[in-house]
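Chemist: A structural model of the following input is requested.
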Amino acid sequence: MPKPRKARSIPAKIPDAHKKEIHTQAAFLNPEFMLGRDGRAVRILAEFLSPEHRFERLKIEDTLVFFGSARAVSKRVAAANLRTTRKAAGTGPKSKALLKAERDMHVSRYYEECYQLSKRLAEWSENEGYHYAFCSGGGPGIMEAANKGAQAGGAPSVGLNILLPFEQSANPYIDPDLNFEFRYFFMRKFWFAYMAKAIIMFPGGFGTIDEMMEVLTLVQTQRITKKMAMVLYGKDYWSRVVNFRYLAEMGMIDSKDLNLFQICETVEEAFAYITQNLVKNRKTPRRATP
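Modeler: Modelled structure (predicted):
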């Protein structure tokens, strides 16, 4: 039989070499603990419980989620910048600044169309009595356009911000009580997906593509079992960024996986697809997530 372990003795006095300041305050008031490695599990739990508490208090149950680039600007801003850049460039060869200004002008259509789509959906939601909340990543660009449209349409406007060293700051079109800030991407992703009844992907970079692929994977593998409309907005953009048909042709995805989303080119097309699916899906009882 194994020998019983000896009880570990507690020294009567802490050696000077290991002495540290002893905190008598409650652990949750100790910033050294809460913001350190040992407090990570508490911080993660807080990023689940705090939004849950606030959503329940404000009776937010269903969301329409918009993703897209933080770098897109409105047509007005893009046009003003293009005029200034052209004037400074003169008649010589196009500079990098001018090429960027022209590109920003082209991309500005997505900002404007995101605003229009969000506003139309918000007005429809309020008029029909669905009262969806409109959710974005809370930053500038497409996120700002989505929140701006939601406010203009009279719907709740949610921002799920993330702490980043650049780009991300809360846009002014988020309802103050619905402005959240996350440290952990995975907790932020949870809240994007958990209450979503529709997801609209406007053109964006790594972050947008990451969110799109994660949602598609969760739906494909049935980790998300609720009915949810998913739109990829901008046919030319998304057909160049990801060749979904080639994935199916090579057997990397099933051909039926192409039905998990709809690529739309206009506000009218996206509005019709989303509203039809929202109405249809509300008739289906909500299934429990495994």
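
Chemist: any idea where the strands of the stretch 1-150 of the chain begin and end?
Modeler: For the stretch 1-150 of the chain, the strands defined by DSSP state E, counting those that start in this stretch occupy 63-67, 133-136.

Chemist: for the first one, which helices and strands make contact with it?
Modeler: Read that as strand 63-67. Packing partners of strand 63-67 (3 or more CB pairs under 8 Å, 6 or more residues apart in numbering; DSSP states H and E): helix 96-128, strand 133-136, helix 142-152, strand 196-201, helix 206-220. Quick note: C-beta positions are derived from backbone N, CA and C, even for glycine.

Chemist: lowest average confidence, helix or strand, in this structure?
Modeler: The least trusted helix or strand in the chain, going by mean pLDDT, DSSP states H and E, turns out to be helix 31-34, with a mean of 90.

Chemist: can you give me the neighbour number for residue 59?
Modeler: By the measure other CB atoms under 10 Å, the count of residues near residue 59 is 9.

Chemist: what's the answer for residue 174, then?
Modeler: Residue 174 has 27 neighbours, counted by other CB under 10 Å.

Chemist: now residue 117: closest residue in space, sequence neighbours ignored.
Modeler: residue 267 (4.8 Å; CB to CB, 6 or more residues apart in numbering).

Chemist: wait, that neighbour sits on residue 120?
Modeler: Yes - between residue 267 and residue 120 a contact is recorded at 6.9 Å, counting by CB atoms under 8 Å.

Chemist: before we move on, the earlier item: give the contact list for the residue nearest to residue 117.
Modeler: 113, 116-117, 120 (CB atoms under 8 Å, 6 or more residues apart in numbering).

Chemist: over to it: give its phi and psi.
Modeler: With angles defined as degrees, to the nearest 10, residue 267 sits at phi -60, psi -40.

Chemist: for this structure, which spans come out with low pLDDT?
Modeler: In the predicted model of the chain, residues 1-24, 166-168, 283-290 satisfy pLDDT under 70.

Chemist: middle-most residue in it, spatially?
Modeler: Residue closest to the average C-alpha location in the chain (CA atoms, centre = their mean): residue 137, at 4.0 Å.

Chemist: was I right to think it contacts residue 143?
Modeler: Yes - assessed by CB under 8 Å, residue 137 is found in contact with residue 143 at 4.7 Å.

Chemist: what's the overlap in contacts for these two?
Modeler: Common neighbours of residue 137 and residue 143 (CB under 8 Å, 6+ apart) are 67, 70, 159.

Chemist: which one (most neighbours) among those residues?
Modeler: Among the shared contacts of residue 137 and residue 143, residue 67 has the most neighbours (other CB under 10 Å), with 27 neighbours.

Chemist: can you pull the contacts of it?
Modeler: Contacts of residue 67 (CB under 8 Å, 6+ apart): 136-137, 142-143, 199-202, 204, 207-208, 211-212.

Chemist: what residues of stretch 169-186 count as buried?
Modeler: Using 16 or more other CB atoms under 10 Å as the test for burial, stretch 169-186 gives 170-171, 173-175, 178-180, 182.

Chemist: check stretch 210-228 too.
Modeler: Within stretch 210-228, the residues scored as buried using 16+ other CB under 10 Å are 211-212, 215-216, 218-219, 224, 226-228.

Chemist: for the residues you listed, work out which two are farthest apart.
Modeler: 211 and 227 (19.1 Å; CB to CB).

Chemist: re the thing from before, tell me which of the helices and strands packed on strand 63-67 sits most buried.
Modeler: Sort those by mean neighbour count, taking mean count of other CB atoms under 10 Å, and strand 133-136 sits at the top with a mean of 29.

Chemist: point out the other helices and strands that it packs with.
Modeler: Other elements packing on strand 133-136 under the criterion 3+ CB pairs under 8 Å, 6+ apart are strand 63-67, helix 96-128, helix 142-152, strand 157-162.

Chemist: out of the ones you listed, the one nearest residue 35 is which?
Modeler: strand 157-162 (17.1 Å).

Chemist: outside of the closest one, which residues touch it?
Modeler: Outside strand 157-162, the residues that touch it by CB under 8 Å, 6+ apart are 60, 63, 133-139, 143, 147, 150-151, 168-171, 173-175, 178-183, 185, 188, 191-192.
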